[in-house]
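Peer 1: Turn this into a structure:
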Amino acid sequence: MKGVVFVLIFFAVSFTALNAQQGHHMSQKAHEKINELEKIKLMEALNLDEATMVKFFARRKDFQNRIAGLNLQKNNELDELQNALNSEGGAVRDEQFYKKFVENIKSLDMNIAKTRNEYFSSLRDILSQRQIAKLMVFERNFRKELRDIIFKERRRNLE
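Peer 2: Numbers count the residues shown, from 1 in each chain. Modelled structure (predicted):
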């Protein structure tokens, strides 16, 4: 099973690395493969029965959609700010101009953290505290594993 998981991660990372080299965002197909892999590994890690699994993944999907929306807003703000900074041509804008962006981005960061906290609190009715703890550790480790694979793949492609 670990071999299959590694192969899936490898293909997902290959797509990601290819797209990154071309200056594009991760392809939808690679993103879907990573999500499927994450789902499989989560089911193994949390050892959920079918009814709990359905509730959990529905709640998780809602959470991921809300976080994606907030991240999109944040990235749009950062893109606007970057464009403004790049187009200045040496001209400095007033402090209020920058303050607006900084405050909006800080507010979005707080909303992201609040949404994450609400999500974990909302899981108390379907997961035990031990399962929630496993989920938190799983998320960190899964992201780290993906970063490590992407880093190794990029390094290999540069050699």
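
Peer 1: Which stretches in the protein count as helices?
Peer 2: Taking DSSP state H as the test, the helices found in the chain are 2-21, 28-46, 50-87, 95-122, 129-158.

Peer 1: Packing partners of the shortest one?
Peer 2: Pointing back at helix 28-46 there. Applying 3 or more C-beta pairs under 8 Å, 6 or more residues apart in numbering; DSSP states H and E, we find helix 28-46 packed against helix 2-21, helix 50-87, helix 129-158. In this view, the C-beta of every residue, glycine as well, is placed from N, C-alpha and C.

Peer 1: now those as TSV including distance to Ile40, mean pLDDT and mean neighbour count?
Peer 2: Below are the helices and strands packed on helix 28-46 laid out as TSV (distance: least, C-beta to C-beta, whole Å; pLDDT from 0 to 100; neighbours: other C-beta atoms under 10 Å):
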stretch	distance to Ile40	mean pLDDT	mean neighbour count
helix 2-21	7	46	15
helix 50-87	11	94	13
helix 129-158	11	92	13
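
Peer 1: okay if I get those as TSV plus distance to Tyr98?
Peer 2: Listed next are the helices and strands packed on helix 28-46 as TSV, based on distance: least, C-beta to C-beta, whole Å:
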stretch	distance to Tyr98
helix 2-21	30
helix 50-87	8
helix 129-158	31
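
Peer 1: Please identify which of the ones you listed is closest to Phe97.
Peer 2: Proximity to Phe97 (C-beta to C-beta) singles out helix 50-87 among these, at 7.5 Å.

Peer 1: From the contact counts, what lies against that closest one?
Peer 2: helix 28-46, helix 95-122.

Peer 1: Mean neighbour count, mean pLDDT and distance to Gln73 for those - can I get that in a markdown table?
Peer 2: A markdown table is the format used below for those (neighbours: other C-beta atoms under 10 Å; pLDDT from 0 to 100; distance: least, C-beta to C-beta, whole Å):
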| stretch | mean neighbour count | mean pLDDT | distance to Gln73 |
| --- | --- | --- | --- |
| helix 28-46 | 15 | 90 | 19 |
| helix 95-122 | 13 | 95 | 6 |
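
Peer 1: Lys144 is nearest to which of these?
Peer 2: Of the helices and strands packed on helix 50-87, nearest to Lys144 by C-beta to C-beta is helix 28-46, at 12.9 Å.
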